[in-house]
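Trainee: Need the 3D shape of this:
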Amino acid sequence: MATKKTAPADAGFVDVVLSRPLEIDGAQVKALRMREPTVADQIAMDEMKGGEATKEVGMFANLCEVAPDDIKKLTLRDYKKVQAAFMGFIA
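Mentor: Take a look at the predicted model:
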């Protein structure tokens, strides 16, 4: 059975399926839902302190409605998926 893929910009969000569950607030999370970024999100990121990587983690945490420390717990493989999901909104 084929699954229809919806472009992130069309849906307003994208679900990022993780390669292994992530524990957030005592719950095992298998996917993160990233909402479409707004201009306000971009401004907030620009005003954050820290390097580019820290700002990116903050932006992704905001868009996925989790703490930055939760994003930092992702494996690099899953972090790359989150980055790709973000790029789907701006490409």
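Trainee: dump the residue contacts of Ala61.
Mentor: 67-68, 70-71 (CB atoms under 8 Å, 6 or more residues apart in numbering). In short, each C-beta sits where N, CA and C put it, glycine included.
Trainee: Just give me how far stretch 56-64 sits from the chain centre.
Mentor: 6 Å (CA atoms, centre = their mean, to the nearest Å).
Trainee: could you turn that stretch into PDB, dropping everything but the C-alphas?
Mentor: Taking C-alpha atoms only, stretch 56-64 is exported to PDB below (Å, rounded to 0.1, in the frame of the first residue of the first chain):
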ATOM      1  CA  GLU A  56      19.900  26.100  15.200                       C
ATOM      2  CA  VAL A  57      19.200  23.700  18.100                       C
ATOM      3  CA  GLY A  58      17.100  26.500  19.700                       C
ATOM      4  CA  MET A  59      15.100  27.000  16.600                       C
ATOM      5  CA  PHE A  60      14.500  23.300  16.100                       C
ATOM      6  CA  ALA A  61      13.400  22.900  19.800                       C
ATOM      7  CA  ASN A  62      11.000  25.800  19.400                       C
ATOM      8  CA  LEU A  63       9.500  24.400  16.100                       C
ATOM      9  CA  CYS A  64       9.200  20.900  17.700                       C
END
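Trainee: buried residues in it?
Mentor: 56-64 (16 or more other CB atoms under 10 Å).
Trainee: where does the chain dip in pLDDT?
Mentor: 1-9 (pLDDT under 70).
Trainee: where do the helices sit along it?
Mentor: 8-11, 39-47, 52-64, 68-72, 76-90 (DSSP state H).
Trainee: hang on, the earlier thing: of the contacts of Ala61, keep whichever come out buried.
Mentor: Buried, going by 16+ other CB under 10 Å: 70-71, out of the contacts of Ala61.
Trainee: can you list the contacts of Ala61 in JSON lines and add distance to Met45?
Mentor: What follows is the contacts of Ala61, written out as JSON lines (distance: CB to CB, whole Å):
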{"residue": "Ala67", "distance to Met45": "16"}
{"residue": "Pro68", "distance to Met45": "12"}
{"residue": "Asp70", "distance to Met45": "17"}
{"residue": "Ile71", "distance to Met45": "13"}
